[in-house]
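*Asks:* dropping a prediction and its sequence here:
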Amino acid sequence: MDTQIAGGCDGRYEGPELPLFLYGTAWKEERTRAATLQALAVGFRGIDTANQRRHYHEAEVGAAIGEAIQAGRLRRSDLFLQTKFTFRAGQDHRLPYDPAVPIADQVRQSFGSSLQHLGVTTLDSYVLHGPSQRFGLGASDWEAWHAMERLHGEGRVGQLGVSNVTFDQLRQLSTSAKIQPRFVQNRCFAVQRWDADVRRLCKERGIIYQGFSLLTANQEYLSSAPIASLASKYQRTPAQIFFRFALDAGIWPLTGSTSREHLREDLSIADFRLSESEFELVERIAV
Ligand SMILES: NC(=O)c1ccc[n+]([C@@H]2O[C@H](COP(=O)([O-])OP(=O)(O)OC[C@H]3O[C@@H](n4cnc5c(N)ncnc54)[C@H](OP(=O)(O)O)[C@@H]3O)[C@@H](O)[C@H]2O)c1
């Protein structure tokens, strides 16, 4: 992969190199293809999507990837490609599986449909979009996870992940799963010290934490005086300060920006560092 930092966030990532950022493809509807092409053109090589038509247009993500590959601008192996299985409750009527079949078959059908949408034969990461219940893990969650483990065992997906999880759910999953989750993808609130408990568990168990809504869930702090002051010191935008903090905290950030300028800015955070006290200031900005 070209546009990536070796070792990811300060060497906290293990295994193969990962791109600096994940490009998120949610909520773009008919602009999905153009937005994804733009992100690829700017240099994003990590793509996050979901087979959940309600919020994502996975087939259009695939169209963009196919176009870029066909044009010779990148190879499949340059990309980190991640998509998700979403339970019925998180879907609208445009289902990628037959809701009447067992969950394990729904996972298989959704996965097959994702490969078709994306025009690929394997995925780098397959994520359970969220447990079926608010607290703990139920039979459906385990059935889905075991089906995902089988896909992993067949070599069709490199790593497994889970999204929208609580500390207890993650502990339960990572304690009992045969194939460990390699990724967690959670909304990251500054008021929860950027999901500190889940991040700590991730660190303990060698799980890479992917953070979304770093900007949108934390607008109040993004526009606060201490962040403005850091932005001024480093001649960066407040968003770049948050993303730099994220990398230093071992958070693999997502952005779904549709602005070329913002995308460029987002990728331009590798060449400055926050001091330890500045890192702590951002970490505790809301607590
Ligand atoms: N697992 C889940 O349940 C879940 C849930 C939500 C999201 N996600 C994933 O995470 C991705 C990102 O979602 P998100 O919630 O973080 O929000 P987002 O879609 O990335 O929205 C970010 C907002 O911040 C703005 N922005 C981005 N970069 C900026 C910059 N450098 N400076 C100033 N403004 C900037 C964007 O505006 P511009 O377009 O004008 O830049 C946009 O309004 C999604 O596409 C999806 O892949 C996953």
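*Replies:* Nice, I can see it. Residues are numbered from 1 along each chain as shown.
*Asks:* residue 100: which element?
*Replies:* Per DSSP states H and E: residue 100 is located in neither a helix nor a strand.
*Asks:* mind checking pLDDT for it?
*Replies:* On the pLDDT scale, residue 100 is placed at 98.
*Asks:* and what of residue 3?
*Replies:* Confidence score, pLDDT, at residue 3: 34.
*Asks:* residue 17 too?
*Replies:* Looking at residue 17, its pLDDT reads 78.
*Asks:* need the three-state assignment for it.
*Replies:* Classification of residue 17 using DSSP: H, G, I helix; E, B strand; the rest coil returns coil.
*Asks:* burial of it, as a residue count?
*Replies:* Around residue 17 there are 14 other residues, counting by other CB atoms under 10 Å. Where you see a C-beta, it was placed from the backbone N, CA and C, and this is true even at glycine.
*Asks:* next one: residue 115
*Replies:* 17.
*Asks:* that one reaches residue 126, doesn't it?
*Replies:* No. In this structure, residue 115 is not within contact of residue 126 by CB atoms under 8 Å, at 10.3 Å.
*Asks:* by proximity to the ligand, which residue of the protein wins?
*Replies:* residue 24 (2.2 Å; CB to the nearest ligand atom).
*Asks:* what bridges to that residue?
*Replies:* Applying DSSP bridges to residue 24 gives these bridge partners: residue 48.
*Asks:* my read is that it contacts residue 254, right?
*Replies:* Yes. Counting by CB under 8 Å, residue 254 is a contact partner of residue 24 at 4.4 Å.
*Asks:* okay, and the common contacts of the two?
*Replies:* Counting by CB atoms under 8 Å, 6 or more residues apart in numbering, the common neighbours of residue 24 and residue 254 are 48, 212.
*Asks:* so for those two, which residue has more residues nearby?
*Replies:* When neighbours are counted by other CB under 10 Å, residue 24 and residue 254 differ, and residue 24 comes out ahead with 26 against 23.
*Asks:* ok, that one - contacts?
*Replies:* Shown in contact with residue 24 (CB under 8 Å, 6+ apart): 48, 212, 254, 255, 256.
*Asks:* how about the last one, nearest residue that isn't a chain neighbour?
*Replies:* Of all residues beyond its chain neighbours, the one nearest residue 256 is residue 24 (3.7 Å), with distances taken as CB to CB, 6 or more residues apart in numbering.
*Asks:* that older thread, mind checking which of the contacts of residue 24 land in strands?
*Replies:* 48, 212, 254, 255 (DSSP state E).
*Asks:* run through these and flag the ones next to the ligand.
*Replies:* Among these, the residues that sit close to the ligand (CB under 6 Å from any ligand atom) are 48, 212, 254, 255.
*Asks:* measure the residue nearest to the last one when sequence neighbours are not counted to residue 257 for me?
*Replies:* Translated: residue 255. Leaving aside its sequence neighbours, residue 255 sits nearest to residue 266 (CB to CB, 6+ apart; 5.0 Å). Distance of residue 266 to residue 257, given as CB to CB, to the nearest Å: 7 Å.
*Asks:* so between the two, which is more surrounded?
*Replies:* residue 266 (25 against 21).
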